[in-house]
Each structure stands twice: as structure tokens, then as C-alpha cells.
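S.K.: sequence and predicted structure, then a few things I'm wondering about:
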Amino acid sequence: MEQTNARWLYIFILMSLISIMLFPQQVQADSNWLKYFRKDSLLNTYKRSYAVLDDTLWIGTHGDGVTINDGKKTISYTNRNTRTSPALDDGLVSDYITCISIDEKNGRVWIGTNAGLSSCNLEGKEWQRYTEKTGLPNSVIRDLAIDSSGSLWVGTPSGIAIYDGETWKKVSDNKGLEQNSVHSIKIKGDSVWVGTVGGTVSRYKDGEWRTFVSFE
């Protein structure tokens, strides 16, 4: 009896494996999935970041700059087509986008890249760029956030830069951070939460830093 049960169990497992290989499970909605690729007006199938302003979607790609879609038309911004002239240091600093944040209060869009930070107005004009030469602790931008006062927080592998619209202020591990290699920044009310690659989580509130999760 035990041999018979074992034989049937073996047959069941074998048939299940064959069924999975020949007829892989497909997950779909009530209707067929719609697929969109580059040929369907997507600028790049590898998306890195998104930001939404009203009904307009700003999309950052890995190598093809930024595309804007309002549901009716699509506009793309790249390192080439956003520069006023080769002699001016403006435009999108790199086509490899890492993060996007929209400052509706001041009417600016901030775009982080692997080679610096770029900014434009809500119409995609008046481009500016920022790197280590202009005040950033590192030109690799990992995350962006805007606090309640309108200041921009920029996370990099070498700490944080805070921009109040006129000047840059740098924050590193000797000025409150537990670690310099910042991975993400989140703002809730008057609190700024900073996560690092090493796993630490710190909070800035009322002018003071406090570490909630330390590296072990």
C-alpha cells in the first residue's frame, strides 16, 4: 500500500513539473494586457524615476533623458536639445536620470542624474545645472526632496546638499549624519528622514539630527 501511494505521489509530481514547463502560468487582467515599448512612443523602456504635476507625467530614463506626457502629446528633453549653445553650461547635464522632484511653489523641476543636478521651469525651459563645482558634495545624485520651506534636499554618495534658492549648505557625517552615502530622503511635515546605503536612518527636525537606526 505504501509503495502504491509513493508511486502515485511520484507520478503527480512528475506530471506537475511537465505541466509547468509546457504551460507556464500567465497572470493577466480580465482583458488582454497592452504592451507599450519604444515604438509606441515610449522614450526608453528602462524607467528610472517619475514625477507627476497635475495630469502631466515626467519620466526619467536610463540613457535617453526625460520625457513628458500629458495624455495628448509627448515631449523629450535630452542633453543635446536642452542646451542653448555649446558655449553655455546649461541644459540637462546627463541623459542618465536617477530622480525627479517638482517644486510647484517655486515653479521648478529638479532632475538628478549620474553626473549632476539639472533644473528647469514647469514648461521645460530656463535650464540650469549644478555639479561639485557649483556646491554639490558629489555629482552623483541619488534622491531629491523639497521641504515645507521650499528648500531642496539633495542626497549623494558624499552627504547631503541643501539649496534655499541662493546658496548651498552641505551636511556630512561630521555635521549630523550617521553616514555620508545617502540613498533616500523622505519629508513628512517638518521632519526630514535620511536613509543611507549602510542601513542607517536619521531624522532632521527643529534644527537637530537624531539617528533612529544605526549601522551594526
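M.R.: Thanks, I have it. None of the values given here were measured: they were computed from a predicted structure. Numbering: from 1, shown residues only.
S.K.: quick check: beta-bridge partners of the spatially most central residue of the chain?
M.R.: For the chain, residue 99 is the residue whose C-alpha lies nearest the centre (C-alpha atoms, centre = their mean; 3.1 Å). Here residue 99 sits in beta bridges with residue 112, as judged by DSSP bridges.
S.K.: settle this for me: it is touching residue 112, isn't it.
M.R.: Yes - under the criterion of C-beta atoms under 8 Å, residue 99 makes contact with residue 112 at 4.1 Å. Heads up, the C-betas are built off the backbone N, CA and C, glycines and all.
S.K.: need the residues touching each of those two.
M.R.: 49, 141, 142, 143, 144 (C-beta atoms under 8 Å, 6 or more residues apart in numbering).
S.K.: neighbour-wise, which of the residues you listed leads?
M.R.: residue 141 (29 neighbours; other C-beta atoms under 10 Å).
S.K.: what separation do you get for the residue lying closest to that residue once chain neighbours are set aside and residue 150?
M.R.: Counting by C-beta to C-beta, 6 or more residues apart in numbering, residue 112 is the residue found nearest to residue 141 once chain neighbours are left out, at 3.0 Å. Applying C-beta to C-beta, to the nearest Å, the value for residue 112 to residue 150 is 18 Å.
S.K.: now do residue 158
M.R.: 24 Å.
S.K.: looking at the two, which is more packed in?
M.R.: Using other C-beta under 10 Å, the more surrounded residue of residue 158 and residue 150 is residue 158, with 18 against 14.
S.K.: returning to what we had before: show me what contacts the residue nearest to the centre of the chain?
M.R.: 48, 49, 60, 111, 112, 141, 142, 143, 144.
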